[in-house]
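Trainee: Everything below, folded, please.
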Amino acid sequence: MNTRAYLSQAKNIDNAIKNLLEYARQCRDDATSITPKLSDMKVQSSHAQDKMATSVAKALDYEKDAREKAEALLEIRHKIVYQIDGLRQKNIKHANDYYNILMGYYVFDKNTSAIARDIHFEPRYVRILHNRALVAFENMYGEEYLKD
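Mentor: Residues are numbered from 1 along each chain as shown. The predicted structure follows:
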């Protein structure tokens, strides 16, 4: 996995978490909206209730799994944000600009023009600094993710 792909995980994680939790909620809603059809005959009415209980149990299991996966994804996102912040801790020329650019691209999903406006640079210069920031990031943390 290259540096861009590694950092891109941060912006993709929000959507992945949203989708996981939305699907879990939908499964729960579907399971709890199942109602056994009762008729005048009381024969095997417990079968329908067992089916509903099984559906609800499966939905709850999926919801628990989705929460656990969401927590794991959040851990990855927090790690990336912490690593980007680590650039400012080193005595690197343009460290604050690297931080703002990487956070803008990979955490806040901003485009080059928006980042350029935020930090008062020309978009072309932001692209140059972005490439330099990727190199600085890779030099600091590349051993952790390049082996994947």
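
Trainee: wait, doesn't Tyr62 sit right on Asp30?
Mentor: No: between Tyr62 and Asp30 there is no contact under CB atoms under 8 Å: 10.7 Å. (Each C-beta comes from the backbone N, C-alpha and C, glycine too.)

Trainee: Torsion angles phi and psi at Lys110?
Mentor: Here is the backbone geometry of Lys110 (degrees, to the nearest 10): phi -90, psi 160.

Trainee: out of Tyr62 and Asp30, which sits in the busier spot?
Mentor: Tyr62 (17 against 12; other CB atoms under 10 Å).

Trainee: The more buried one: what's it in contact with?
Mentor: Going by CB atoms under 8 Å, 6 or more residues apart in numbering, Tyr62 touches Tyr23, Ala24, Cys27.

Trainee: In this protein, which helix is the longest?
Mentor: Determined from DSSP state H, the single longest helix within the chain is helix 45-89.

Trainee: Compare the contacts of Tyr62 and tell me which has the most neighbours.
Mentor: Ranked by neighbour count (other CB under 10 Å), these have Ala24 at the top, with 21 neighbours.
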